[in-house]
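>>> Build the 3D model from these lines:
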Amino acid sequence: MMMPTALYPRIQAALLCTDVADKLAATEAIHAAWQRGELPREDAPLTRLPMAGHPERPELVHATKVPRRRPGSPQGQPAMLHAIAHIEFNAVNLALDAAWRFRDMPDDFVSDWLRIAAEEAGHFRLLQGRLQQLGYRYGDFPAHNGLWEICHVTDHDVLVRMALVPRVLEARGLDASPELQRKLANIGDEASVAILDIILRDEIGHVQVGNHWFHYLCRQRALEPMATFSRLLAEYDLTAHRGSYNIDARRQAGFSEAELQWLQLAKD
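Here you go, the predicted structure:
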């Protein structure tokens, strides 16, 4: 099949792809072709995407309907890894959508989000491989679609997207990682702990990219960043995090000391 030779049709094809392996391969190929300068940013139709392409399985249910399993239970370990894999699969779509949707942003923005999409694809492959080692496959457990839903409601404004996806949803992943790794270590799953080490390292960089572009856009629009972030959290009924913050990881990801203090006060 002939692949589009311009950037936006190539990304749209990957976004809408429903086959997991094909989506991952297309994402990595787009990133490589963009780096080689082979994909011009030509005008192309831009539409709302109620849903990105996803396979028939896993079954998508409301977040409250996803069964909770203890890591030490028979299916607890693979269910936890499956949930993380599902987040990484959605993160591929979110990163592709950022590069595809916000066409007034500089080339560096496109480069950042295509690189992130390719890295998220790599994370998914690692988790997919680990699930297979345990005798499971992606799709064996139900999952929810909360990540794509926030992508959909932030598709009108790149500043809102940068504020709420990398600085909230992805940053929550930084906070959750130590506890997830502790649970996996407690059941002797050092292989999965090592995979989460790789993911945490890369996700720090992803949140850093979001922080960079959020502050870039605030400067461009003459907005005060913390006041803007606080307003958007309230407007979209989100909290920065529900538990303890991974302060060191957030600091590495570009949250300022003033922001970290504000987050702690907002939580308390």
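>>> tally of neighbours for the closest residue to D197 other than its chain neighbours?
Nearest residue to D197, sequence neighbours excluded (Cβ to Cβ, 6 or more residues apart in numbering): Q181, at 7.6 Å. Using the backbone N, CA and C atoms, a C-beta is placed for each residue, glycine as well. Residues lying near Q181 (other Cβ atoms under 10 Å) number 19.
>>> Confirm that Q181 lies within a strand, as I assumed.
No: read with DSSP: H, G, I helix; E, B strand; the rest coil, Q181 is helix and lies in no strand.
>>> Looks like it contacts I195 (just checking).
No: using Cβ atoms under 8 Å, Q181 is not in contact with I195, being 9.7 Å away.
>>> So the nearest residue to A14 once chain neighbours are set aside versus R36, what's the distance?
Once flanking residues are discounted, A14 sits nearest to A26: 4.0 Å by Cβ to Cβ, 6+ apart. Relative to R36, A26 is positioned 16 Å away (Cβ to Cβ, to the nearest Å).
>>> neighbour-wise, which of these two wins?
Neighbours were counted for A26 and for R36 using other Cβ under 10 Å; A26 has more, 22 against 8.
>>> Which other helices and strands does whichever helix or strand the more buried one is part of contact?
A26 is located in helix 20-35, with elements delineated by DSSP states H and E. Here helix 20-35 touches helix 7-16, helix 76-101, helix 107-133, going by 3 or more Cβ pairs under 8 Å, 6 or more residues apart in numbering; DSSP states H and E.
>>> orientation of it relative to helix 107-133 in degrees?
Interaxial angle of helix 20-35 relative to helix 107-133 (axes from the mean of the first three to the mean of the last three Cα atoms, to 10 degrees): 150 degrees.
>>> and the gap between the nearest residue to A98 once chain neighbours are set aside and P58?
Computed as Cβ to Cβ, 6+ apart, the closest residue to A98 that is not its neighbour in sequence is W113, at 4.3 Å. Distance, W113 to P58, by Cβ to Cβ: 25 Å.
>>> One more: S111?
Distance, S111 to P58, using Cβ to Cβ: 31 Å.
>>> Name the residue in these two with the higher neighbour count.
When S111 and P58 are compared for neighbours, P58 comes out ahead with 22 against 15, by other Cβ under 10 Å.
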